[in-house]
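> quick one, what's the 3D model for this:
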Amino acid sequence: MSDQNAMRNQMKSGAGFIAALDQSGGSTPKALGLYGVEPTDYSGEEEMFRAMHDMRARIILADDFTNEKVIGAILFERTMHDTINDTPVAELLWRDRGIVPFLKIDKGLEEQADGVQILKPMPGLEDTLKVAKSKGIFGTKERSVIHDADAKGIADIVAQQFDVARTVIAAGLVPILEPEVNIHSETKAQAEALLEAEIAKHLNTLDDGVDVMLKLTLPDQPGLYDGLAAHPRVLRVVALSGGYSTDVASAKLAENKHMIASFSRALTEGLNVKMSDAEFGAALGGNIDKIYRASI
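Below you'll find the model as predicted:
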């Protein structure tokens, strides 16, 4: 079986969750702060990204970070070009940990309009995808955000997500579409109902044999996305934690039997740079186990 087929099988039916290790420049200082690395501990962007890479490497090399519970991992673009123990990160993930590598491809969000924030332009996307394919990346992820139940805004955001997805599919990769719904939205439930209907409509336009994945906010109505998970074009539906604590996100996920987790903040909750390797491994292992149990 080829690596591509083995990765696809793991993403379709593997037990476990997808780790989100794709904090970008904007979210890195906050992620590092929660890890106990303050802005005074580094000087400039290069040192900041190096500190973030060291944190990611520590997670990836931890004993519990294997495909026994973690079936995929989403990487920041700089991480794709980096190495751990002199091995390219995507190669190390699949070869040594049995974890399917994905790449975050979005370049951030436009200002809010019609209750949503669509993706900024992604210049050079085709070239990025070509490089990703050559480095053993299986799929991609792009995040946009819904703040209000605005029918036009939600239609626009889903249409854009599927436009990008088609470019990714043409490059031989599997896209994860991520139209996040803000968990603090006063119209969250209504927005989610509109989102579900728009996604279903666009899924029906995809050619036979095409695979996409969906990364969605845990819905107010449990089971709302079950129909999307059953769609023949959908490989898997994964849940983002969206700012919920690990406990709350895991409890909500357990109510949605056809979603698995793709958590970032919940995965790294409680980890600290000053921990010994044993303490770090125990804390990370506890988070991994909690998220895994909710995902299965």
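> now do the buried residues in stretch 214-226.
Neighbour counts over stretch 214-226 (16 or more other C-beta atoms under 10 Å) mark 214, 215, 216, 217, 218, 219, 220, 224, 225 as buried. For every residue, glycine as well, the C-beta is placed using N, CA and C.
> can you check stretch 170-189 too?
Burial within stretch 170-189, assessed by neighbour count using 16+ other C-beta under 10 Å, is assigned to 171, 173-183, 185, 187-188.
> likewise stretch 147-166?
So stretch 147-166, judged by 16+ other C-beta under 10 Å, has buried residues 147-150, 153-158, 160-162, 164-165.
> what of stretch 60-76?
60, 62, 64-67, 69-76.
> tell me which of those fall in helices.
Within those, residues falling in helices by DSSP state H are residue 60.
> on that earlier part again, now pLDDT and distance to residue 89 too, for the buried residues of stretch 214-226, in TSV please.
Formatted as TSV, the buried residues of stretch 214-226 follow (pLDDT from 0 to 100; distance: C-beta to C-beta, whole Å):
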residue	pLDDT	distance to residue 89
214	98	25
215	97	20
216	98	26
217	97	27
218	96	28
219	97	32
220	96	36
224	98	34
225	98	30
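> next helix or strand past the lowest-mean-pLDDT helix or strand in the chain?
Ranking every helix and strand in the chain by mean pLDDT, DSSP states H and E puts helix 265-268 at the bottom, with a mean of 83. Later in the chain than helix 265-268, the nearest helix or strand by DSSP states H and E is helix 277-295.
> average pLDDT for that following helix?
Model confidence over helix 277-295, given as mean pLDDT, is 93.
> would you map the strands across this protein?
Under the criterion DSSP state E, the chain contains strands at 17-21, 70-75, 83-84, 87-88, 100-104, 116-117, 139-146, 174-181, 212-217, 234-240, 260-261.
> now render these as JSON lines, adding distance to residue 37.
Shown next, in JSON lines, are the strands of the chain (distance: least, C-beta to C-beta, whole Å):
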{"stretch": "strand 17-21", "distance to residue 37": "16"}
{"stretch": "strand 70-75", "distance to residue 37": "20"}
{"stretch": "strand 83-84", "distance to residue 37": "18"}
{"stretch": "strand 87-88", "distance to residue 37": "24"}
{"stretch": "strand 100-104", "distance to residue 37": "21"}
{"stretch": "strand 116-117", "distance to residue 37": "28"}
{"stretch": "strand 139-146", "distance to residue 37": "24"}
{"stretch": "strand 174-181", "distance to residue 37": "26"}
{"stretch": "strand 212-217", "distance to residue 37": "27"}
{"stretch": "strand 234-240", "distance to residue 37": "24"}
{"stretch": "strand 260-261", "distance to residue 37": "25"}
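> select, out of these, the one closest to residue 7.
strand 100-104 (4.6 Å; C-beta to C-beta).
> ok, and what's touching the closest one?
The contact list for strand 100-104, computed with C-beta atoms under 8 Å, 6 or more residues apart in numbering, reads 7, 10-11, 18, 22, 24, 71-77, 80, 89-90, 93-94, 128, 132, 136-143, 176.
> likewise for stretch 18-33?
Against stretch 18-33 from outside (C-beta under 8 Å, 6+ apart): 38-39, 42, 45, 48-49, 51-52, 55-56, 59-60, 65, 70-76, 79, 99, 102-104, 108, 141, 238, 240, 260-265, 267-268.
> check stretch 54-71 too.
So stretch 54-71 is contacted by 10-11, 14-19, 21, 31-32, 35, 37, 73, 79, 84-85, 89, 92-93, 97-100, 260, 267-268, 271, 273, 280-281, 284-285, 288-289, 291-292 (C-beta under 8 Å, 6+ apart).
> again, only using 7 Å
Outside stretch 54-71, the residues that touch it by C-beta atoms under 7 Å, 6 or more residues apart in numbering are 10-11, 14, 16-19, 21, 35, 79, 84, 93, 97-100, 280-281, 284-285, 288-289, 292.
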